[in-house]
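Trainee: Kindly return the folded structure for what I paste below:
(2 chains)
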2 protein chains.
Amino acid sequence: MADSQETLLQKIKDQGDLVRKLKAAKESSEKIQDEVAKLLALKAQLGTEDTSPQKFTLKTPKGTRDYNPQQMTIRNDVLQKVITVFKRHGAECIDTPVFELKEVLTGKYGEDSKLIYDLKDQGGEILSLRYDLTVPLARYLAMSKISTLKRYHIAKVYRRDNPAMTRGRYREFYQCDFDIAGQYDMMVPDAECLKVVTEILDSLDIGKYVLKVNHRRLLDGMFEACGVPDEKFRTTCSTVDKLDKTPWEEVRAEMINEKGITPEAADRIGEYVRLNGSTELVDRLLQDHSLTAAKPSVDGLLGIKLLLEYCELYGIKDKVVFDLSLARGLDYYTGVIFEAVLTQPIKIGNEEQTVGSIAGGGRYDNLVGMFDAKNKQVPCVGVSIGVERIFSVLEAKLAAGEMQVRTNEVDVYVISAQKNFLEERMKICNELWNAGIKTEQSYKKNPKMLTQLQHCEENGIPLAVVLGESELKRGIVKIRSIKARQEVEVPREKLVEELTARIAELGKVEQNGQ
Amino acid sequence: MADSQETLLQKIKDQGDLVRKLKAAKESSEKIQDEVAKLLALKAQLGTEDTSPQKFTLKTPKGTRDYNPQQMTIRNDVLQKVITVFKRHGAECIDTPVFELKEVLTGKYGEDSKLIYDLKDQGGEILSLRYDLTVPLARYLAMSKISTLKRYHIAKVYRRDNPAMTRGRYREFYQCDFDIAGQYDMMVPDAECLKVVTEILDSLDIGKYVLKVNHRRLLDGMFEACGVPDEKFRTTCSTVDKLDKTPWEEVRAEMINEKGITPEAADRIGEYVRLNGSTELVDRLLQDHSLTAAKPSVDGLLGIKLLLEYCELYGIKDKVVFDLSLARGLDYYTGVIFEAVLTQPIKIGNEEQTVGSIAGGGRYDNLVGMFDAKNKQVPCVGVSIGVERIFSVLEAKLAAGEMQVRTNEVDVYVISAQKNFLEERMKICNELWNAGIKTEQSYKKNPKMLTQLQHCEENGIPLAVVLGESELKRGIVKIRSIKARQEVEVPREKLVEELTARIAELGKVEQNGQ
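Mentor: Numbers count the residues shown, from 1 in each chain, chains lettered A, B, ... in the order given. Now for the predicted structure:
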């Protein structure tokens, strides 16, 4: 029982204290041995009960990890930059529960549905952990009967995948989504999503990238033109989606052998998915009558053409590539789809890390309607930023010593130069905290001077208040600049004022330094 | 199949478009009827397949909720204030996965363990959702072999409770934890935890409160002195813990009837748990020889006495009450325990909302050791802020019209005064975004002037750029102050500069207004 374990541990501690005390007091060895025997008996009890410490391997669940303070600092900095861009575009923030009724997720993710985490049936509802933030958004819009919303949502999602964790892929990972819901004019919100991606990637400054764009209607038209039957459009899409990692020959084989596409159809698809370019490619394809015979192709091509025009106005057309091999795996897309890909591996130390896809999204006009009893549609377009891959690049840079982070923001450390100054330190800490100054002190009664100074240096704390008896008697304290190793004397009553001024000064230097 | 549902929905949409087009073109009713028939056939197909929209009740799981933009604004503001205090005390941030190996949570929560959410066994590890942030911290410290850490952790935790959701209690809820781990001098970190709570509650400004403190060792000593057997200490603690909501007579009955405590022991406990006060009560109890005959009582009383001294130095002693009825339910506490309680109901509109406990915590010196193969201990003390209750109070104030929030931060809305200005608007938005200005525009090609102005007023957007043909020809745009309903003309090339200056000015006014 947990109860008796606690009590037992406390008794062991007390008994240990007693033994140490007897030893310190140099009591008779007979007396000490008696008490040691009792201690051992208590410890034996711990062993025989089901209360012994830790018998299983201590780990986080497969595919997950803790974030230590350095990693959290990186994570919070990246998220702050992402949020800044989302807010610049007027997005509001929402949040949804980490789990949904299982039915909400059913039939939304095609072949990926097997990766959903289910909760145990403990009586009551059947629940699953969210797989992305898009389906919860659609459920939210339908449930709250909202027909226009520009929102961002930053939260963890869950996939029972077998990911390569070294490349920033986990079973629990952050998504940062920006979506625009509402019945608007064609491609206007879609182009803004692309603009948002470029602003984020530029502000994170992690290297060159392209934005691949394509259109689900064009893919449909292309499949139709190539002779793929209707009911195989989506599953063929899933196969085409593998082209970024898999050579065409393998993709072709999967189409023919697993998806039952004819070799002729596969080869015709193969011709198309090799194409990429810009407006001139759209124009060329609009002349391809075997393609445009299928109405969806024309819709898709005209959509892409308009999107490219808007990208020109948003100053990002040079970063956008119309790429017919882009398919995206998820079932719910209905219009434009896009993906941002880093074009160069990132050099970290002597190694190169290939990052690849770093953001993706598209238009999904029918998803909200699936949750509405009357099938009322709310057209949506959105993008998800793959921040985990960005975290992972920055963590590798940190590990390689190419980057530094400070994990706390303390400005002042209150130091005793002599013994028995804990109470004085506490009073000063209290004053500084009350003045809003980020302040720390040692939690030991009589810490060593050197230890305290080392703490400042190791933690990048810029200033220390140093308390000494002679100074205090004169109504003086010393302020020490840790880096410069210089001290100045300040009247006790001017301490807060002086520190506030120095901290403001440090802030300015830091800003100019960046 | 999801695949064919998507295709079908698209076909229905296309067919609908066709019918509308025919009607608009006033085609023959025969032709229209033919196409309508096809549309109905397609819709019928939707009905007969397992692909019809939404058949289950659309809801979030029991005990959970979505946060809309207003609620998120409140939540983010509260969390920001909490984080500011945590950082002021030098805390670093960590995060852990939302689920843990089930074994990690086993035996840590006493009678509350039945409230843990388990995941379904889908092959692989057996997992549970975290129940609090304290056990994951202890697991993290043991696993990473960390022996000193001051960290905060803000994250959702999960309890299969049947909470009163109107009072801000949910099955999924935020905890904001601040903990200090390390072998330090007695009560120094403990007192800082109390100081942190007061700074947070003061900064949130939600009314008067007291900090109740007690000591697990004193409770143990008291139970011993009253004649409760060792093995019933923790379970008696759970019963005493109900005293804040339950009258003594019921608590007494539970002790006797359910916990098997003798009526004499229960009555003696009843005498003690009625007591509360400050240092003078500690001193009086130190003279109570039947109590101090039990060594743990003395440890506890001396601990409380020292804690009160430190609270005096931190300027918070007037807010602290030593209360012998405070027990706290969780098993893992070993030293000081505390709880912050609002002393007045909060008035919202014509109603009063009783909030009660709003923060709680204590010392747990043996929890980390439970995860260590050699039972190596890392003493810890910490506090958890009940932010959900604070959210709930503020949401009620918002609903009662006693508070306003802005859910986006847009400074500038780009407006067309005439038709066919979408491209010009896009160019200006692009300029403003590139200059870091928070900017929005309508996603419609030709929005009405009035609609655009209304959007600004409803969303609290302070400034608009108004584009008109005659002005643009003269190289001029208009800046409109939405509140003042005043417009000034600005040269097109000075627009960014002028807006930046005005936004800075607005920021100053807002700061002074607070």
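
Trainee: and residue A:322, that's in a helix?
Mentor: No - with DSSP: H, G, I helix; E, B strand; the rest coil as the criterion, residue A:322 is assigned strand and is not in a helix.

Trainee: Check whether it really touches residue A:276, as I assumed.
Mentor: Yes - if you go by C-beta atoms under 8 Å, residue A:322 and residue A:276 touch, sitting 6.3 Å apart. C-beta here means a position set from N, CA and C on the backbone, and glycine is covered the same way.

Trainee: For these two, indicate the residue with more neighbours.
Mentor: residue A:322 (25 against 16; other C-beta atoms under 10 Å in any protein chain shown).

Trainee: What separation is there between that one and residue B:39?
Mentor: 33 Å (C-beta to C-beta, to the nearest Å).

Trainee: Then residue A:323?
Mentor: Residue A:323 is 35 Å from residue B:39, by C-beta to C-beta.

Trainee: Pick out whichever of these two has more residues nearby.
Mentor: In this view residue A:323 and residue B:39 are compared by other C-beta under 10 Å, and residue A:323 has more residues nearby, 23 against 17.

Trainee: who's in contact with that one?
Mentor: Residues in contact with residue A:323 (C-beta atoms under 8 Å, 6 or more residues apart in numbering or on different chains) are A:212-214, A:275-276.

Trainee: Domain parsing of chain A, as residue ranges.
Mentor: A:2-48, A:65-206+A:383-406, A:208-343, A:412-513 (automatic domain parsing).

Trainee: Figure out which of those domains is closest to residue B:249.
Mentor: Nearest to residue B:249 among these is domain A:2-48; the distance by C-beta to C-beta comes to 25.2 Å.

Trainee: quick one: which of the contacts of residue A:323 is nearest chain B?
Mentor: Of all those, chain B sits closest to residue A:214, with 16.4 Å by C-beta to the nearest C-beta.

Trainee: What residues does that closest one make contact with?
Mentor: Contacts of residue A:214 by C-beta under 8 Å, 6+ apart are A:304, A:322-327, A:336-338.

Trainee: Could you do residue A:465 as well?
Mentor: Counting by C-beta under 8 Å, 6+ apart, residue A:465 makes contact with A:412-415, A:428, A:432, A:477-480, A:495, A:499.

Trainee: could you redo the last one with a cut-off of 10 Å?
Mentor: By C-beta atoms under 10 Å, 6 or more residues apart in numbering or on different chains, the residues touching residue A:465 are A:412-416, A:425, A:428-429, A:431-432, A:437, A:439, A:441, A:477-480, A:490, A:495, A:498-499.

Trainee: swap in residue A:67?
Mentor: A:73-76, A:391, A:395, B:93-97, B:140, B:153 are the contacts of residue A:67 under C-beta under 10 Å, 6+ apart.

Trainee: Give me the buried subset of the residues you listed.
Mentor: A:73-75, A:391, A:395, B:93-97, B:140, B:153 (16 or more other C-beta atoms under 10 Å in any protein chain shown).

Trainee: Out of the contacts of residue A:465, which sit inside helices?
Mentor: A:425, A:428-429, A:431-432, A:495, A:498-499 (DSSP state H).

Trainee: Need the max-distance pair from these.
Mentor: A:425 and A:498 (17.6 Å).

Trainee: If you count surrounding residues, which of those two has more?
Mentor: For residue A:425 versus residue A:498, neighbours defined as other C-beta under 10 Å are more numerous around residue A:425 (21 against 16).

Trainee: from memory the more buried one sits against residue A:441, does it?
Mentor: Yes - using C-beta atoms under 10 Å, residue A:425 is in contact with residue A:441, at 5.0 Å.

Trainee: Now the common contact residues for these two.
Mentor: Shared contacts of residue A:425 and residue A:441, counting by C-beta under 10 Å, 6+ apart, come down to A:413-416, A:447, A:465, A:467, B:188.

Trainee: Just put these in JSON lines and tack on pLDDT and distance to residue A:308.
Mentor: Shown next, in JSON lines, are the shared contacts of residue A:425 and residue A:441 (pLDDT from 0 to 100; distance: C-beta to C-beta, whole Å):
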{"residue": "A:413", "pLDDT": "98", "distance to residue A:308": "57"}
{"residue": "A:414", "pLDDT": "98", "distance to residue A:308": "61"}
{"residue": "A:415", "pLDDT": "96", "distance to residue A:308": "62"}
{"residue": "A:416", "pLDDT": "94", "distance to residue A:308": "67"}
{"residue": "A:447", "pLDDT": "96", "distance to residue A:308": "65"}
{"residue": "A:465", "pLDDT": "97", "distance to residue A:308": "61"}
{"residue": "A:467", "pLDDT": "95", "distance to residue A:308": "67"}
{"residue": "B:188", "pLDDT": "97", "distance to residue A:308": "64"}
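
Trainee: can you tell me which of those residues lies nearest to residue A:363?
Mentor: Distances from residue A:363 to those, taken by C-beta to C-beta, are shortest for residue A:413, at 53.7 Å.

Trainee: That closest one: neighbour count?
Mentor: 25.

Trainee: before we move on, what about residue A:261?
Mentor: Neighbourhood size, residue A:261 [other C-beta under 10 Å]: 25.

Trainee: Tell me the helix or strand right after the helix-or-strand element of chain A with minimal mean pLDDT.
Mentor: In chain A, no helix or strand scores lower on mean pLDDT, DSSP states H and E than helix A:29-48, which sits at a mean of 71. Next helix or strand after helix A:29-48 toward the C-terminus (DSSP states H and E): helix A:69-88.

Trainee: State the next helix or strand along the chain beyond that next one.
Mentor: Using DSSP H and E, the helix or strand that follows helix A:69-88 towards the C-terminus is strand A:92-93.

Trainee: so where's chain A uncertain?
Mentor: Under the criterion pLDDT under 70, the flagged ranges of chain A are A:1-6, A:44-55, A:164-168, A:511-514.

Trainee: Spell out for me which residue occupies the centre of it.
Mentor: residue A:174 (3.7 Å; C-alpha atoms, centre = their mean).

Trainee: List the contacts of that residue.
Mentor: A:75, A:78-79, A:82, A:133, A:154-157, A:384-388, A:390-391, B:95.

Trainee: Dig out what it forms beta bridges with.
Mentor: Residue A:174 has these beta-bridge partners by DSSP bridges: residue A:156.

Trainee: Residue A:358 - how many residues pack around it?
Mentor: Neighbours of residue A:358 using other C-beta under 10 Å come to 24.

Trainee: Then the one 4 residues further on?
Mentor: Neighbours of residue A:362 under the rule other C-beta under 10 Å: 27.

Trainee: for the one 5 residues further on, same thing?
Mentor: For residue A:367, the number of neighbouring residues by other C-beta under 10 Å comes to 28.
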